[in-house]
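> Need a 3D model of the sequence below.
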Amino acid sequence: MRHCLAFLAALFVASAAAQVPPAVSYPTHPVRLLLHFPPGGATDIVARIISPPLAERLGKPVLVENRPGAAGILASELTAKAPPDGHTLYMATASSLAHNPILFAKLPYDPAKDFAPITLLVTSPFIVAVHPSNPVNSVRELIATVKAQPGQWAFATGGNASGMHLAAELFRIMAGLQMTHVPYKGNGPALQDLAAGQVPIAFTDLGSTSGFLKSGRIKILAVASNKRSANAPDIPTAAESGLPGWEALGWFGLVATGGTPEDVVNRLNTEVVAILRQPDIRERILATGNEPEPMTIAEFRSFIKSEYVRWEKVIRTAGIKVE
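Here you go, the predicted structure:
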């Protein structure tokens, strides 16, 4: 609890910390846009969708730089230790800003002090799915079925301590279920085994299910969101399907190095939010399985705090540890 309170206190005061004097002009040279995923994934695609219009608005190139691995720790550390001038930006995920501070006893960066939040970029709700042959057609029915056979059901996710795993544990805790976790190395293998009937339930992000859903090889019972997804409006929310309050989103947002001048952060927020609201950009992002979710700086900071609080409780209760 003390660890949680200290993190939240630091998050609140970080915005008021002393900042370096603003630069005469910004930017003065190319801007690095770091992400901790390899090329080709949804995060990389979104980065390459927004970087050209951002470069045009800033008047300098925005260079996407992939630094995958280590649960995002490498890219996070590079951003945290960069000059605080707005020339290094980072597409941070929930793991970087909300999960890692709980899962790791020691990190080479302080998520509450070493980053300057700019805006949330996109979200994608997690989902719960079963094999099409499974007779259950709602979360309510799934809960009743699993409760009738405690300890006899397993669920797949894209990896231990992943966002999908945390979403599944939140589901399990809220519903009071006894289930066994089967972690896979990625969403693809988990969904393949679900489609093949090798595992009865899977929790993953909505974007990963597109091909499986269209081919009828899986049945999605609900999205873990308080609203239906623009990418799958026919799939009910968790509340509609039988588990109100089950909300879990995959997301990533834009941050700069902590101490970046306020005027630079404000400008970046203004420019990126305007880009995300462009109809053509929105459609291109939706095609990746994500939804644009621009925010003010204050809203994004509050969102990060709420995500930390939510997942700190789940991680502690479920006893989730990194391997």
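> For stretch 227-240, buried residues please.
228-229, 231-232, 235-239 (16 or more other C-beta atoms under 10 Å). Yep, even glycine has a C-beta here, placed from its N, CA and C like the rest.
> do stretch 43-50 as well
43-47, 49-50.
> Just the helices from the stretch 201-323 of the chain, written as ranges.
Secondary structure of the stretch 201-323 of the chain (DSSP state H, counting those that start in this stretch): helices at 210-214, 238-241, 262-276, 279-286, 297-318.
> Helix or strand with the lowest mean pLDDT in the protein?
helix 2-14 (a mean of 52; mean pLDDT, DSSP states H and E).
> same for the helix or strand following it, what does it pack against?
Downstream of helix 2-14, the next assigned helix or strand under DSSP states H and E is strand 31-35. When contacts are defined as 3 or more C-beta pairs under 8 Å, 6 or more residues apart in numbering; DSSP states H and E, strand 31-35 packs onto helix 42-58, strand 62-66, helix 73-80, strand 88-93.
> any idea which of the ones you listed is most buried?
Greatest average neighbour count among the helices and strands packed on strand 31-35 goes to strand 88-93 (a mean of 25), per mean count of other C-beta atoms under 10 Å.
> Going along the chain from that one, find the next helix or strand for me.
Beyond strand 88-93 toward the C-terminal end (DSSP H and E), the next one is helix 94.
> tell me the mean pLDDT over that following helix?
When pLDDT is averaged over helix 94, the result is 92.
> Any chance you could list what contacts the helix or strand following that helix?
Following helix 94 in sequence order, the next helix or strand is helix 100-103 (DSSP H and E). Helix 100-103 is contacted from outside by 7, 71-73, 76, 107, 111-112, 161, 308, 311-312, 315-316, 320-322, using C-beta atoms under 8 Å, 6 or more residues apart in numbering.
> Mind checking which of these are buried?
Buried among the contacts of helix 100-103 by 16+ other C-beta under 10 Å: 7, 71-73, 76, 107, 111-112, 161, 308, 311-312, 315, 320.
> What residue, apart from its backbone neighbours, is nearest Ser138 spatially?
Ser241 (4.7 Å; C-beta to C-beta, 6 or more residues apart in numbering).
> Before I go, just wanted to say thanks for your time.
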